[in-house]
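Engineer: Curious how this folds, go ahead:
(one chain, ligands or ions: 1)
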Amino acid sequence: MEQGRKGKKKSTTPKPKEELIPERDDGVFASCTFSSLGLHPTLCEQLKERLGFEAPTRVQAEAIPVVLSGRHVMVNAATGTGKTVAYLAPIVHVLQGYDSRIQRSDGTFALVLVPTHELCMQVFDVLQKLLHRFHWIVPGYLMGGENRSKEKARLRKGISILVATPGRLLDHLKHTSSFLYKNLRWIVFDEADRILQLGFGKEIEEILNLLGSRTEDASGGKSTSSGISGGYQRQNLLFSATLNEKVNHLAKISLENPVSVGLDNKKQPHILSKEVGSSGHDNSEEQEREISTIGDYKLPAQLIQRYVKVPCGSRLPVLLSVLKHLFERDVSSKIVVFFSTCDAVDFHYNLLKGFRWSPSSQKDEANKNMFLSCKSFRLHGNMKQEDRRSTFQSFKVEKSALLLSTDVAARGLDFPKVNCIIQYDSPGEATEYVHRVGRTARLDKIGEALLFLQPAEIDYLQDLQKHGVSLSEYPILKVLDSSAAFGRKGSGKGFVSLDLHPSILSVQKAVETFILYEPSIHMLAKNAYCSWVRAYAAHRGDLKRIFMVKKLHLGHVAKSFALKEQPSLVGQTFQKLEKKRKRDQKQKGAPKRRKISHKK
Ligand SMILES: Nc1ncnc2c1ncn2[C@@H]1O[C@H](COP(=O)(O)OP(=O)(O)OP(=O)(O)O)[C@@H](O)[C@H]1O
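Structural biologist: I've put the predicted structure just below:
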């Protein structure tokens, strides 16, 4: 982009000096400084003082100079490598560098689109910290579930950098006449593939149509109230740890001659089209090439990935036993468990909150203790906005806790010190696997991930392998045998079958008895059962061959929700629900989309 026009400082887009370009090494951090990348000294101070960032990560060192150059950018880097600051810092740098300070009445200069409320809050939080000393640059956010009129009032006053979810943004673009965006210079898509996967494709196209094309000059050449002349080229930035074919279309309609930035591209030549894969290289000639979905995904090298093969009927006691083991092994554990539905989260959360247990005897009420004594939280899309926010904030600061969640927590959320991710329900597409496990092992920290699979689902490992993701087997029998948590150590020694292991049988029995006397939890179990089967039946495409609903033993599924009822009883409910869903779908003419029909 042409620099040094009227109203701009020449120094806002310094070229990185050759010798300062970071050396590639195996770590996450680059061997250079933020100031060597061309960022303003006050901004570098903010990065250090407010965020504690001493040096840039490698993706920041690669992306910041490119964003500063004004080119459209596509960034593909592993989870937890610092992508947020890679786009926020250069935007703040450029905005603070205008000769005449920008004013609220100039409206919005930068727009960051994110898929979820929590990510919106998180990006806004980082932005606020970066802007602490640049009080004339105003941060703001828009997201579903918030008060529209308050948002309108904030937009009327003017927001310089706006973080938003697509649906609510579109709403304001259409209905808030005081929303000023003629100076819009940057559009960032954070977790681009997820935005599209959630079915926001149409909204995004509409947003792009309303905001003008990818090459349009911001402000149409007119001066802003602070005297900043127009003539800036729009710059669009696309970020994700997993790029897939869905991003192709977005890249085509939103990026012009993009530069690509990606770590470890040598290791994964197929994830992007030829030129896109090479870091910092011009991609203009190859833009029309498709992004291949076959290829390695980027996972933190220090992440330990394992799977545990569990027969359906033993899933619940195995989950409980693994959690107990992990919290007893390390009292400061912070664990996230992923489920496929909101109902499953609610059931397991309430179960864990009330389930008391004595390893010696179930009749010994006086000696029963909480099965898990850690703090537990839940997060899903059916919760009230304020509850979601408080869970998000609380789990962030807890030193030791358990979070039960749907995929609303899978993308982008940065919970410090999470050391283990359990995928109790399979993630479906491999991209989701990558993002879920990416909540741990962030920024070079150690982390482990455990994937639950039923014996019939074991081919899912091959699916992951296609993307360069390999898992080793978790020694569940050894863990059960060596744990003192279930009575006498080694009581199950010699048992080769997990479902007949005394610890598993004992926990299952205790849990079934517990919910018999807890009608509200019993009801939650039934709901969870029904929606779990529906979610299982909704696996798409190739995954249907692995997750075959016909192969499920519904009695065993019921058992995994501690239900003793004949499966046909609950099954009828399921059939009714299925019929209703199909009827509703027919009436609405809604497409069969798994992610949408099962609210996360
Ligand atoms: N230069 C840095 N120095 C120290 N910590 C950093 C630096 N950059 C980012 N971090 C920290 O690293 C963590 C991950 O950053 P961020 O959330 O931006 O990663 P991400 O690549 O966007 O991850 P995801 O793909 O999961 O969204 C955060 O806790 C952030 O504060």
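Engineer: can you list the domains in the protein?
Structural biologist: What automatic domain parsing lists as the domains of the chain is 3-292, 303-586.
Engineer: where does the longest one sit relative to the chain's centre, distance-wise?
Structural biologist: Computed by C-alpha atoms, centre = their mean, to the nearest Å, the chain-centroid distance of domain 3-292 equals 18 Å.
Engineer: wait, residue 85 sits on residue 59?
Structural biologist: No. Look at residue 85 against residue 59 with C-beta atoms under 8 Å: they stay out of range, at 9.3 Å. From N, CA and C alone the C-beta is placed, and that goes for glycine too.
Engineer: quick one: low-confidence ranges for the stretch 101-250 of the chain?
Structural biologist: 213-232 (pLDDT under 70).
Engineer: Pull out the buried residues from stretch 433-451.
Structural biologist: Residues of stretch 433-451 classed as buried: 433-443, 445, 447-451 (neighbour count, 16 or more other C-beta atoms under 10 Å).
Engineer: can you list contacts of stretch 375-392?
Structural biologist: Contacting residues not belonging to stretch 375-392 are listed as 117-118, 121-122, 145-146, 342, 345-346, 349, 352-353, 394-395, 398, 400-406, 408-409, 413, 599-600 [C-beta atoms under 8 Å, 6 or more residues apart in numbering].
Engineer: Would you mind checking those for buried ones?
Structural biologist: Buried, going by 16+ other C-beta under 10 Å: 117-118, 121-122, 342, 345-346, 349, 352, 395, 398, 401-406, 408-409, 413, 600, out of the contacts of stretch 375-392.
Engineer: ok, back up a step: mind putting the domains of the chain into TSV with distance to the ligand?
Structural biologist: Output for these, formatted as TSV (distance: least, C-beta to the nearest ligand atom, whole Å):
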stretch	distance to the ligand
domain 3-292	3
domain 303-586	4
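Engineer: and those, which one's lowest on average pLDDT?
Structural biologist: Least confident of the domains of the chain, judged by mean pLDDT, is domain 3-292 with a mean of 80.
Engineer: The most centrally placed residue in the chain in helix, strand or coil?
Structural biologist: Central residue of the chain (C-alpha atoms, centre = their mean): residue 411, 0.5 Å from the mean position. Of the three states, residue 411 takes coil under DSSP: H, G, I helix; E, B strand; the rest coil.
Engineer: how about it, what does it touch?
Structural biologist: Neighbouring residues of residue 411 by C-beta under 8 Å, 6+ apart: 115, 116, 119, 191, 194, 435.
Engineer: Dump those residues to CSV, plus distance to residue 519 and secondary structure.
Structural biologist: Shown next, in CSV, are these (distance: C-beta to C-beta, whole Å; DSSP: H, G, I helix; E, B strand; the rest coil):
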residue, distance to residue 519, secondary structure
115, 37, coil
116, 33, coil
119, 37, helix
191, 40, coil
194, 38, helix
435, 37, helix
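Engineer: Go through the residues you listed and name the one nearest residue 128.
Structural biologist: residue 119 (14.9 Å; C-beta to C-beta).
Engineer: give the contact list for the closest one.
Structural biologist: Residues counted as contacts of residue 119 (C-beta under 8 Å, 6+ apart) are 190, 191, 411, 412, 413.
Engineer: The first one pairs with what?
Structural biologist: As for beta bridges, residue 190 partners with residue 239 under DSSP bridges.
Engineer: Now do the SS call for residue 415.
Structural biologist: Residue 415 - assigned by three-state DSSP - is coil.
Engineer: if I look at it, how far off is residue 557?
Structural biologist: Residue 415 is 30 Å from residue 557, where distance means C-beta to C-beta, to the nearest Å.
Engineer: Likewise for residue 174?
Structural biologist: Using C-beta to C-beta, residue 174 is found at 44 Å from residue 557.
Engineer: what's the answer for residue 194, then?
Structural biologist: Taken as C-beta to C-beta, the span from residue 194 to residue 557 is 28 Å.
Engineer: cool, residue 166 as well?
Structural biologist: 35 Å.
Engineer: Same question for residue 199.
Structural biologist: 28 Å.
Engineer: same thing with residue 441?
Structural biologist: Using C-beta to C-beta, we find residue 441 at a distance of 32 Å from residue 557.
Engineer: so who does residue 57 touch?
Structural biologist: Contact analysis of residue 57 by C-beta under 8 Å, 6+ apart lists 28, 29, 30, 81, 82, 86, 443.
Engineer: need the helices for the stretch 201-350 of the chain, in chain order.
Structural biologist: 201-211, 245-254, 315-329, 342-354 (DSSP state H, counting those that start in this stretch).
Engineer: okay, the angle between the longest one and helix 342-354?
Structural biologist: Using axes from the mean of the first three to the mean of the last three C-alpha atoms, to 10 degrees, the interaxial angle of helix 315-329 with respect to helix 342-354 works out to 50 degrees.
Engineer: Show me what helix 315-329 is in contact with.
Structural biologist: By C-beta under 8 Å, 6+ apart, helix 315-329 touches 308, 310, 333, 335, 337, 348, 352, 355, 371-374, 400, 402, 420, 422, 424, 450, 452, 454, 476, 479-480, 483-486, 498, 503-505, 507-508, 511, 559-562.
Engineer: quick one: buried residues of it?
Structural biologist: 315-327.
Engineer: Inside strands: which ones of the contacts of helix 315-329?
Structural biologist: 308, 335, 337, 402, 420, 422, 450, 452 (DSSP state E).
Engineer: now the third one, which residues is it bridged with?
Structural biologist: With DSSP bridges as the criterion, the beta-bridge partners of residue 337 are residue 404, residue 422.
Engineer: Then the first one?
Structural biologist: Under DSSP bridges, the beta-bridge partners of residue 308 are residue 452.
Engineer: Hmm, residue 307 and residue 454 touching each other?
Structural biologist: No. Assessed by C-beta under 8 Å, residue 454 is found out of contact with residue 307, at 10.9 Å.
Engineer: what about residue 194 and residue 557, which has more around it?
Structural biologist: Using other C-beta atoms under 10 Å, the more surrounded residue of residue 194 and residue 557 is residue 194, with 27 against 23.
Engineer: picking up where we left off before, of all the contacts of residue 411, which comes closest to residue 257?
Structural biologist: Closest approach between the contacts of residue 411 and residue 257, by C-beta to C-beta: residue 191, at 23.1 Å.
Engineer: Measure how buried the closest one is and give me the count.
Structural biologist: For residue 191, using other C-beta under 10 Å, the count is 24.
Engineer: For it, give me its contacts.
Structural biologist: Taking C-beta under 8 Å, 6+ apart as the test, what residue 191 contacts is 114, 115, 119, 239, 240, 411, 412, 435.
Engineer: again with residue 184
Structural biologist: The neighbours of residue 184, taking C-beta under 8 Å, 6+ apart as the test, are 107, 108, 109, 110, 111, 211, 212, 218, 234.
Engineer: Could you do residue 93 as well?
Structural biologist: With the criterion set at C-beta under 8 Å, 6+ apart, residue 93 makes contact with 12, 38, 39, 40, 43, 68.
Engineer: Among the residues you listed, name the ones in helices.
Structural biologist: The helices, defined by DSSP state H, take in 43, 68 from these.
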